[in-house]
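Colleague: Fold the following for me, if possible:
(chains A and B)
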Amino acid sequence: MTEFLQQVIIGLRIGSVYALIALGYTMVYGIIRLINFAHGEFIMVGGYTLFFMIPVLMGFGLPAWTSVFAAIIICAAVGVLAELLAYRPVRKKGNRMTALITAIGVSLILQNLAQAIPFIGPNPKAITQDIFQSGRIDLFGVNTNWTSIFTIIIAAFVMVGLQLFIHKTKIGRAMRAVSENKAASTLMGINVNRTIVITFIIGAGLAAVGALMYCAQYRAVMTTMGSMLGLKAFVAAVLGGIGLIPGAMLGGMLIGLIEALVTAYISSSLANALVFVVLILVLLVKPAGIMGRNVGEKV
Amino acid sequence: MLKIEDLVVSYGAIQALRGISLEVNEGEIVSLIGANGAGKTTTLHALTGLIPIKSGKVHYQKKNLRKVRAHEIVSLGLAHVPEGRQVFRRMTVIENLLMGAYSRTDRAEIAQNLTKVYKHFPRLEERAKQIAGTLSGGEQQMLAMGRAMMSAPKLIVMDEPSMGLSPILVKEVFNIIEDMHKEGITILLVEQNAKMALSVADRAYVLENGKISMSGKASELLDDEKVRQAYLGA
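Modeller: Alright, predicted model coming up:
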């Protein structure tokens, strides 16, 4: 039993990272119906920002995790640039397919650009410092590490905060309005383009927090780190119901749990494969995802 | 209050509006009637910036609306109740009404407007927490009108408020239009239901294939033989 609970905590830790990243996919999809394939690269950008900023901030006597604020700013900036320089111009002229191809392009550009920068390069870099308190802790008989505890707690806070923001603030309401009906939103006085930019800022910021959690556990960054992580977070978003914020949270946690339990009890090499099997099975039964409603295109 | 001159709008090679001119004076109800595809909705969309204008002038309270960005128009006191209600279906009734007040910042004023809207539409107060997509068509129309009122408009342009409603509800909608008008709101009404539209309006314009074919006092148009044949089915 305690071993099972241990695996559950690991699953929730992995799931927290997926959930935060899945939120970025789902929010951007919700507002402009674009699968932002470059979202995985935002994690990578966040990861390298952490790699470079941790020693600097620790030099000032600050704890390592404060580097996440730098990562949020840099990720948000990259997200805004992607929207302003690539997605918005394409959205004006093209259709959803051209936008999708553009997203793949932005993803490749970011990845290769990172590799081309001499002090980043193609080789993985190790993060040697502890991001959260090191060591293990005994939690009601379940042995786990502090990183897992912090990761799960931070993710919970961020997700509750996001829900409150979306539902209780004027900007949050505007985001929901724009995701539903852009023309009507404009008539209400909402600046649609600005709202889309805000969505990118939040999505990329969440990716930065996800990067912090990822780096805290795996202690390494590389230019391709966003690919698999991004792909699985995307699967999480689809599993929960793309475009739905609670869906991304649920989907992320589920994928994390499946991965941890399969690794522990079946086979670690099957973990990734089974994640996709679950996705396919769920989509066969509920094409719109676990929390999605199966409705046709609105008329 | 509102003056449109030689307005031309095209969708690609197709000219939807071929130089229309119309005017709405403060305190009036003006109707714009015409068949399906005549350009009624296009006129309103051009007015509130939802589609680009090719040429012509649009002035509202001496301001050139072509130079105002679409989302800034509502804060000038010009609200648009769009065709097909376009309520935010996944949001609650109260959230929809608050979206209507998005351009307002004074909380006391918003609360006051909400009370006023609830007075006009007691139904909306009963259903404040309900998801808008689950409302009936009539209730959604009321919500769309209430939402527009939340921006404290001086001029409301309405696109086919009677569309898809039962005769009783159509009557109710037009009663509310008259109530709004009594409160000092100027109204530009686009309708296919020409009879109702002409009976509430002071003046009216008839739009045909992207051009104004007739205009005048609503009561006179109501008696006009051509209008009767083409739009009133008599």
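Colleague: Okay, residue A:253 and residue A:202: tell me how far apart.
Modeller: As judged by CB to CB, to the nearest Å, residue A:253 and residue A:202 stand 20 Å apart. Bear in mind the C-beta positions are built from the backbone N, C-alpha and C, glycine included.
Colleague: and the helix or strand hosting residue B:205, how far out from the chain's middle?
Modeller: Using DSSP states H and E, residue B:205 maps to strand B:203-208. Computed by CA atoms, centre = their mean, to the nearest Å, the chain-centroid distance of strand B:203-208 equals 15 Å.
Colleague: May I have the strands that pair with that strand, each with its orientation?
Modeller: strand B:29-34 (parallel), strand B:211-217 (antiparallel) (DSSP bridges).
Colleague: List the neighbours of the shortest one that are in contact with it.
Modeller: Put plainly, it is strand B:29-34. For strand B:29-34, contacts defined as CB atoms under 8 Å, 6 or more residues apart in numbering or on different chains pick out B:22-24, B:40, B:43, B:177-178, B:181, B:186-192, B:194, B:197-198, B:200-208, B:218, B:231.
Colleague: let's see 6 Å
Modeller: With CB atoms under 6 Å, 6 or more residues apart in numbering or on different chains as the test, strand B:29-34 has contacts from B:24, B:40, B:181, B:187-191, B:194, B:197, B:200-207, B:231.
Colleague: what's the most buried one of the strands paired with strand B:203-208?
Modeller: Greatest average neighbour count among the strands paired with strand B:203-208 goes to strand B:29-34 (a mean of 26), per mean count of other CB atoms under 10 Å in any protein chain shown.
Colleague: Following element in sequence after that one, please.
Modeller: Taking DSSP H and E, what comes next after strand B:29-34 is helix B:40-47.
Colleague: Identify the residues contacting stretch B:10-18?
Modeller: Residues contacting stretch B:10-18 (CB under 6 Å, 6+ apart): B:7-9, B:39, B:42, B:54, B:210-211.
Colleague: of the residues you listed, buried ones?
Modeller: Neighbour-count burial (16 or more other CB atoms under 10 Å in any protein chain shown) applied to these gives B:7-9, B:39, B:42, B:210-211.
Colleague: Is it possible to get a markdown table of those that adds distance to residue A:263 and pLDDT?
Modeller: A markdown table is the format used below for the buried ones among the contacts of stretch B:10-18 (distance: CB to CB, whole Å; pLDDT from 0 to 100):
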| residue | distance to residue A:263 | pLDDT |
| --- | --- | --- |
| B:7 | 66 | 96 |
| B:8 | 66 | 96 |
| B:9 | 61 | 95 |
| B:39 | 63 | 92 |
| B:42 | 59 | 95 |
| B:210 | 66 | 93 |
| B:211 | 71 | 94 |
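Colleague: In chain B, where's the longest helix?
Modeller: Taking DSSP state H as the criterion, chain B has its longest helix at helix B:167-182.
Colleague: Check the offset of it from the chain's centre.
Modeller: Helix B:167-182 sits 13 Å away from the centroid of its parent chain (CA atoms, centre = their mean).
Colleague: And stretch B:172-186, by the same measure?
Modeller: 12 Å.
Colleague: cool, and stretch A:215-230?
Modeller: Worked out by CA atoms, centre = their mean, stretch A:215-230 lies 12 Å from the chain centre.
Colleague: Now do it: distance from first to last residue.
Modeller: By CA to CA, to the nearest Å, the extent of stretch A:215-230 from end to end equals 15 Å.
Colleague: quick one: buried residues of stretch B:178-187?
Modeller: Across stretch B:178-187, burial judged by 16+ other CB under 10 Å covers B:180-181, B:185-187.
Colleague: ok, and which of these reach chain A?
Modeller: Cross-checking the buried residues of stretch B:178-187 against chain A (CB under 6 Å from any CB of the partner chain) gives no overlapping residues.
Colleague: And chain B, is stretch A:184-192 touching that?
Modeller: Yes: counting by CB under 6 Å from any CB, contacts between stretch A:184-192 and chain B involve A:184, A:186-191.
Colleague: Show the backbone phi and psi for residue 154.
Modeller: Picked chain A for this. phi -60, psi -40 (degrees, to the nearest 10).
Colleague: that answer is for a different chain, and I need it for chain B
Modeller: Per-residue torsions, residue B:154: phi -100, psi -30 (degrees, to the nearest 10).
Colleague: Which two of the buried residues of stretch B:178-187 have the greatest separation?
Modeller: The largest distance within the buried residues of stretch B:178-187, taken as CB to CB, falls between B:180 and B:186 and amounts to 9.5 Å.
Colleague: contacting residues for the spatially most central residue of chain B?
Modeller: Computing the C-alpha centroid of chain B and ranking residues by CA atoms, centre = their mean puts residue B:158 first, at 1.2 Å. For residue B:158, the contacting residues are B:81, B:189, by CB under 6 Å, 6+ apart.
Colleague: Is it in a helix, a strand, or coil?
Modeller: strand (DSSP: H, G, I helix; E, B strand; the rest coil).
Colleague: ok, now how distant is it from residue B:232?
Modeller: From residue B:158 to residue B:232 the distance is 20 Å (CB to CB).
Colleague: Going by residue numbers, what spans are helices in chain B?
Modeller: Taking DSSP H to define them, one finds helices in chain B at B:40-47, B:93-100, B:107-120, B:122-126, B:137-149, B:167-182, B:194-200, B:218-223, B:225-231.
Colleague: host element of the nearest residue to residue A:9 once chain neighbours are set aside?
Modeller: Once flanking residues are discounted, residue A:9 sits nearest to residue A:144: 4.9 Å by CB to CB, 6 or more residues apart in numbering or on different chains. According to DSSP H and E, residue A:144 maps onto strand A:142-145.
Colleague: got a list of what the residue of the stretch 1-150 of chain A at minimum distance from chain B touches?
Modeller: Going by CB to the nearest CB, chain B is nearest to residue A:30 of the stretch 1-150 of chain A, at 10.4 Å. By CB under 6 Å, 6+ apart, the residues touching residue A:30 are A:179, A:243.
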